[in-house]
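Q: predicted model follows, preceded by the sequence.
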Amino acid sequence: MHFLIVEDTRDVAEAIERRLERAGHVSDRAETLEDARHFAAMASHDLIILDINLPDGSGIAFLKSLRAEGNRVPVLVLTARLAVNDKIDALDLGADDYMIKPFDLGELEARIRAIIRRRSGEADRTLSVGLLTFDMAARSVLIDGRPCELTRREQTLLEIFLTNRGRVLDKDDLLVRLFGHDDEKNPNAVELYVGRLRRKIEGSGLEIRTLRGLGYQAVIAETEA
């Protein structure tokens, strides 16, 4: 998945990025509001981790502008402030959750999974379709109770499809979600990974359709009568 980390304390931002990277995710990092607006305009993100205190203003202003523009991207707010009003303002403006600094990276990752689950309509840490179950915490996949071995990027791609089931996902958007803004990424990589993933989850009940000229769509496979 593709995250935006808006945090001006470099060691904190780098620690978050490394933690997410180990789970197969890619991240953009912004140290200012200006940079955050640039990244938000340049690409879509699956979730934004947003510090309130930034060198050129408040992260709350960025959150407010996102919601005013109709951008419903999930936002997890980070704050060193303990004032109840700060939390209330963030939640009232559309933040999905908040954490007080300093925080544990394991808890941060769990909060992120919880936000993604809520947005996907799932009740626990697993995403399930048909015979397929993906454990977001353990990063493991079962098909009809049997392990399905996926590479890290195949897991990430599956997670993107499961959390966006029914939506049409543009190939260029998927490319950024898988590789970030790496200039050396191969434009054909999405087709390669989608093809591999299809073969590995065949018969699971999840179908990945190619919509020519539009992108890909994950749907519940139709069963024969």
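A: Alright, I've got the coordinates. Numbers count the residues shown, from 1 in each chain.

Q: in contact with the most centrally placed residue in the chain, which residues?
A: The residue lying closest to the centre of the chain (C-alpha atoms, centre = their mean) is D46, at 3.4 Å. Residues in contact with D46, defined by C-beta atoms under 8 Å, 6 or more residues apart in numbering, are M1, H2, F3, V73, P74, I116, I160, T163, R177. The way it works is simple: take the backbone N, C-alpha and C, and place the C-beta from them, glycine included.

Q: now, those that are in strands?
A: Here DSSP state E is the test, and the contacts of D46 give H2, F3 as lying in strands.

Q: put together a markdown table for the contacts of D46, with pLDDT, neighbour count and distance to L214 on each row.
A: Below are the contacts of D46 laid out as a markdown table (pLDDT from 0 to 100; neighbours: other C-beta atoms under 10 Å; distance: C-beta to C-beta, whole Å):
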| residue | pLDDT | neighbour count | distance to L214 |
| --- | --- | --- | --- |
| M1 | 86 | 20 | 21 |
| H2 | 91 | 24 | 19 |
| F3 | 95 | 24 | 25 |
| V73 | 92 | 18 | 21 |
| P74 | 93 | 19 | 24 |
| I116 | 86 | 21 | 24 |
| I160 | 92 | 20 | 16 |
| T163 | 88 | 20 | 19 |
| R177 | 86 | 24 | 16 |
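
Q: what is the nearest of the contacts of D46 to D97?
A: Closest approach to D97 among the contacts of D46 (C-beta to C-beta): P74, at 8.5 Å.

Q: which helices and strands sit right next to whichever helix in the chain runs longest?
A: Taking DSSP state H as the criterion, the chain has its longest helix at helix 105-120. Packed against helix 105-120 by the contact rule (3 or more C-beta pairs under 8 Å, 6 or more residues apart in numbering; DSSP states H and E) you find helix 10-22, strand 47-51, strand 75-79, strand 97-100, helix 152-163.

Q: between these, which one is closest to G145.
A: Nearest of the helices and strands packed on helix 105-120 to G145, taken as C-beta to C-beta: helix 152-163 at 17.1 Å.

Q: what's in contact with the closest one?
A: 1, 24-25, 46, 116, 119-120, 127, 129, 134, 136, 139, 141, 150, 169, 174, 177-178, 193-194, 196-197, 200-201, 206, 208, 216, 218.
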